[in-house]
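Engineer: Sequence and predicted structure are below.
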Amino acid sequence: MQSQTLGFIGLGRMGAPMVRRLADAGHRVVVYDTRPDAANELPSGSTKSAASPAAVADEAEIVFCSLPTPQIVRDVVLGADGIAAGSKVRVIVDLSTTGPSMAKTVAEALAEKGIAWADAPVSGGIAGARNGTLAVMVSSTRQIYDEIEPILANFGRRFYCGEVPGSAQVAKLGNNMIAAGVILLSAEALAMGVKAGLDPSTMCDIINASSGRNSATQDKFPRAVLPGTFDFGFATALSYKDVRMCVDEAENLGVPMVGGALVRQMLAATKARFGPDSDFTSMVRIIEEWAGVEIRA
Ligand code: NAD
């Protein structure tokens, strides 16, 4: 595909590797992050730091963002010196998990300015961002989807969710609630196993060859729990934000979410016990404390 100048705001755990993939694909990427050193590790030949989101949008027609919360995305898009104030921007693509309400509000405000909005939340963690194996869920007009799809192909597999702003965010919230929930259930099962004398690695192998297999036992436990590193790469505060938005959205739609509410409270407990910047796999440590065992290889 033709190389072009793209904008990218938010160079965190997910954003930085995604920018690298765009640069590797031959694009020039104009970037911005509030952390002054955030762009230090990016390839200097194909990326350029700008002084504000508006300055990014002065240079690029399509601007991506990968930011922590809905409030931050709203401010970065619509605030003073925000993306929408840029002279060149035509399309804003939000790769963050920010929920359907914000997507609807921001899409409406941008439509009045003649700027198109796409919500394109992603799943697959840092490894997926690095390797281009993310799931990318997109809601936007079909025309905008057709335009951005070849660029999103650098990030992973695309799923078009329709034209209604926020639809992709609903899919993403459902996924993230399940991903957090299986950490809790897997921790309970493995704590029981350890207390009964089983080796947790063997028990993970058994589960992964059986009907209980899930993303926690297949990926998160082997990488971040069994070695005791608790560094999978997703902050407790962000997972808590996602599950809170999920349960709230379900409630708005009249869908009871009893399991989701439990997961929400477990993440609240994890945040209270280990802090917002702890890794969300720290949820396992709460179960370990209650059970009086450690789930280690
Ligand atoms: P992160 O905290 O590592 O990165 C966020 C970046 O945004 C940081 O570099 C921060 O300095 C920057 N930032 C914050 N406020 C800013 C502002 N006002 N202007 C410019 N930059 C600002 O977070 P992350 O893990 O990369 O997640 C980003 C988004 O992607 C979140 O919405 C998260 O829920 C979602 N997500 C994360 C993962 C994961 O595994 N980490 C997976 C899928 C989706």
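Structural biologist: Now that the structure is in, tell me what you want to look at.
Engineer: helices or strands next to the helix ranked longest in the chain in the packing?
Structural biologist: Using DSSP state H to define each element, the chain has its longest helix at helix 167-195. Packing partners of helix 167-195 (3 or more Cβ pairs under 8 Å, 6 or more residues apart in numbering; DSSP states H and E): helix 100-112, strand 116-119, strand 122-123, strand 134-138, helix 200-208, helix 236-252, helix 258-274, helix 283-291. Quick note: C-beta positions are derived from backbone N, CA and C, even for glycine.
Engineer: What sits closest to residue 130 if chain neighbours are left out?
Structural biologist: Nearest residue to residue 130 in three dimensions, chain neighbours excluded: residue 17, at 4.4 Å (Cβ to Cβ, 6 or more residues apart in numbering).
Engineer: The ligand: which of the helices and strands packed on helix 167-195 is closest?
Structural biologist: Closest approach to the ligand among the helices and strands packed on helix 167-195 (Cβ to the nearest ligand atom): helix 236-252, 4.2 Å.
Engineer: Touching the closest one from outside, list them.
Structural biologist: Around helix 236-252, the neighbours that count as contacts under Cβ atoms under 8 Å, 6 or more residues apart in numbering are 68-70, 97, 99-101, 170, 172-174, 176-177, 180, 256-257, 260-261, 263-264, 267-268, 270-271, 274-280, 282-283.
Engineer: check the residues you listed against the ligand, which are close?
Structural biologist: When contact is defined as Cβ under 6 Å from any ligand atom, the contacts of helix 236-252 meet the ligand at 68, 97.
Engineer: Restricted to buried residues, select the contacts of helix 236-252 in PyMOL.
Structural biologist: Selection command for PyMOL covering only the buried members of those, criterion 16 or more other Cβ atoms under 10 Å:
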select buried, resi 68+69+70+97+99+100+101+170+172+173+176+177+180+257+260+263+264+267+270+271+274+278+279+280+282+283
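Engineer: list the buried ones in the helix or strand containing residue 159?
Structural biologist: For residue 159, the element it lies in under DSSP states H and E is strand 156-160. Neighbour counts over strand 156-160 (16+ other Cβ under 10 Å) mark 156, 158, 160 as buried.
Engineer: Residue 143: which of those residues is nearest?
Structural biologist: The nearest member of the buried residues of strand 156-160 to residue 143, counting by Cβ to Cβ, is residue 160 at 12.1 Å.
Engineer: so who does that closest one touch?
Structural biologist: For residue 160, the contact set (Cβ under 8 Å, 6+ apart) comprises 138-139, 142, 145.
Engineer: From the chain's centroid, how far away is the longest helix of the chain?
Structural biologist: 15 Å (Cα atoms, centre = their mean, to the nearest Å).
Engineer: near the ligand, which residues of the stretch 151-297 of the chain?
Structural biologist: Contact residues, the stretch 151-297 of the chain versus the ligand (Cβ under 6 Å from any ligand atom): 233-234, 238, 242.
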